[in-house]
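K.L.:
Quick one: sequence plus predicted model below, questions after.
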Amino acid sequence: MEPVIIFDNGTCDLKAGLSNQEEPSVIIPNIVGRPLILSNKVENVELKPLMISEELENIRSYLNLSCPMKNTAYPS
């Protein structure tokens, strides 16, 4: 049987992998950030109205961070 791709969209991380592997192949932070300051650039990173995942790693202190998932569901 061919392996199946599995996605686990958790509250803080998105994990993906194949059904024949014990651990996920990819783990991506399920987090978004909105700038706290009025500026176009911080530490050579262009600020956008909404920053996601790896975009915000080096500039977390300049962003209001939140997880888009609450109790494993998107809030309405």
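P.N.:
Perfect, I can see it now. Numbers count the residues shown, from 1 in each chain.

K.L.:
Name the spans of this structure whose pLDDT lies under the cut-off.
P.N.:
Per-residue confidence for the chain (pLDDT under 70) gives these ranges: 70-76.

K.L.:
can you map out the strands along it?
P.N.:
Assigned by DSSP state E, the strands in the chain fall at 5-9, 13-18, 26-29, 32-35, 41-42, 45-46, 51-52, 63-66.

K.L.:
The fifth one pairs with which strands?
P.N.:
What it means is strand 41-42. strand 45-46 (antiparallel) (DSSP bridges).

K.L.:
just how off-centre is the strand it pairs with within its chain?
P.N.:
Relative to the centre of its chain, strand 45-46 is centred 17 Å away, using C-alpha atoms, centre = their mean, to the nearest Å.

K.L.:
quick one on the thing from earlier: in CSV: the strands of the chain, plus mean neighbour count.
P.N.:
To be clear about C-beta, it is placed using only N, CA and C from the backbone, and glycine gets the same treatment. Formatted as CSV, the strands of the chain follow (neighbours: other C-beta atoms under 10 Å):
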stretch, mean neighbour count
strand 5-9, 12
strand 13-18, 15
strand 26-29, 14
strand 32-35, 18
strand 41-42, 12
strand 45-46, 12
strand 51-52, 18
strand 63-66, 14
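
K.L.:
need the contact list for the closest residue in space to residue 43 that isn't next to it in sequence.
P.N.:
Of all residues not flanking residue 43 in the chain, residue 59 sits nearest, at 5.9 Å (C-beta to C-beta, 6 or more residues apart in numbering). Contact partners of residue 59, counting by C-beta atoms under 8 Å, 6 or more residues apart in numbering, are 33, 42, 43, 45, 47, 51.

K.L.:
separation between residue 59 and residue 42?
P.N.:
Spatial separation of residue 59 from residue 42 under the definition C-beta to C-beta, to the nearest Å is 5 Å.
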